[in-house]
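# sequence first, predicted model second:
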Amino acid sequence: ETGVTQSPTHLIKTRGQQVTLRCSSQSGHNTVSWYQQALGQGPQFIFQYYREEENGRGNFPPRFSGLQFPNYSSELNVNALELDDSALYLCASSFDPGTRSGANVLTFGAGSRLTVL
Amino acid sequence: QKEVEQDPGPLSVPEGAIVSLNCTYSNSAFQYFMWYRQYSRKGPELLMYTYSSGNKEDGRFTAQVDKSSKYISLFIRDSQPSDSATYLCAMSDSNYQLIWGAGTKLIIKP
């Protein structure tokens, strides 16, 4: 059973550029959540995808967008990068039997560390 | 005021000590409570998962939830240097997102 894998592990961008981060969910999982973790802080919820549809969104602007594919892998896209977007971006997958509840156990990947200069 | 408060530490204790980590929260709707461990340059790893109030034990780890006080704790017995990491509490109502504490950095000295 493979875990959650994210790519790239590290990347450096300049302000105003766009970035795409990728996530392969754990086998058997159908839900993907994305979190932003600034240095020294806890993760902040960006959004969640369930069966290819956005299932909820945190307090992030529209320039943060995502996709989930039929194989349950996912992408996070960030447009018009700002310096404050520098953070560790975590992807977590889980299995939701259809309740869409907070009871589901998340399995996290190692994250993609984004630096915006 | 943040929804979830957690002392960032660092907390430094000698090997073999009992460690107590805590979080307080303000939202009485939270009913799912979790503790995650995060090593440097890694993603969070689930340690303990508790629904509603009460205690849960798993090996050297014990999680306690006191909903009346809006206070949760994680105890680590016989602490080991390999337990050195950042410990994050997270909680949720019946909704889809987790609300996290800032994490406590724990250092176990050999």
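Ah, there it is. Numbers count the residues shown, from 1 in each chain, chains lettered A, B, ... in the order given.

# give me the pLDDT value at residue A:102.
If you check residue A:102, the pLDDT there is 55.

# and chain B, which residues reach chain A?
Residues of chain B lying close to chain A by Cβ under 8 Å from any Cβ of the partner chain are B:4, B:6, B:8, B:32, B:36, B:41-46, B:49, B:51, B:88, B:90, B:92-103. (Glycine included, C-beta is placed from N, CA and C.)

# now a ChimeraX select for only the buried ones of the residues you listed.
A single ChimeraX command selects the buried members of those (16 or more other Cβ atoms under 10 Å in any protein chain shown):
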select /B:4,6,32,36,43,44,49,88,90,92,95,96,97,98,99,100,101,102,103
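
# the residues of chain B next to chain A in helices, which ones?
Among those, no residue falls in helices (DSSP state H).

# narrow the residues of chain B next to chain A to those in strands?
Residues of the residues of chain B next to chain A located in strands (DSSP state E): B:4, B:32, B:36, B:45, B:46, B:49, B:51, B:88, B:90, B:92, B:99, B:100.

# which residues of chain A lie near chain B?
Residues of chain A lying near chain B (Cβ under 8 Å from any Cβ): A:4, A:33, A:40-45, A:48, A:55-56, A:58, A:90, A:92, A:100-103, A:105-111.

# and these, which are buried?
Burial by neighbour count, 16+ other Cβ under 10 Å: within the residues of chain A next to chain B this picks out A:4, A:33, A:41-45, A:48, A:55-56, A:58, A:90, A:92, A:100, A:102-103, A:106-111.

# do I have it right that residue A:69 meets residue A:52?
Yes - with contact defined as Cβ atoms under 8 Å, residue A:69 counts as touching residue A:52 (7.1 Å).

# residue ranges with poor pLDDT in chain A?
Residues of chain A meeting the criterion pLDDT under 70: A:1, A:99-103.

# returning to what we had before: among the ones in strands among the residues of chain B next to chain A, which one has the lowest pLDDT?
Lowest pLDDT among these: residue B:51, 87.

# picking that back up, just the ones in strands among the residues of chain B next to chain A now: which is nearest residue A:86?
The closest of those to residue A:86 turns out to be residue B:100 (Cβ to Cβ; 18.6 Å).

# not counting its neighbours along the chain, what's nearest that closest one?
Leaving aside its sequence neighbours, residue B:100 sits nearest to residue A:42 (Cβ to Cβ, 6 or more residues apart in numbering or on different chains; 3.2 Å).

# list the contacts for the one you found?
Neighbouring residues of residue A:42 by Cβ atoms under 8 Å, 6 or more residues apart in numbering or on different chains: B:4, B:6, B:88, B:90, B:100, B:101, B:102, B:103.

# can you add distance to residue B:72 and give those residues back as a markdown table?
As requested, the contacts of residue A:42 are exported to a markdown table (distance: Cβ to Cβ, whole Å):
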| residue | distance to residue B:72 |
| --- | --- |
| B:4 | 9 |
| B:6 | 10 |
| B:88 | 12 |
| B:90 | 10 |
| B:100 | 12 |
| B:101 | 9 |
| B:102 | 14 |
| B:103 | 14 |
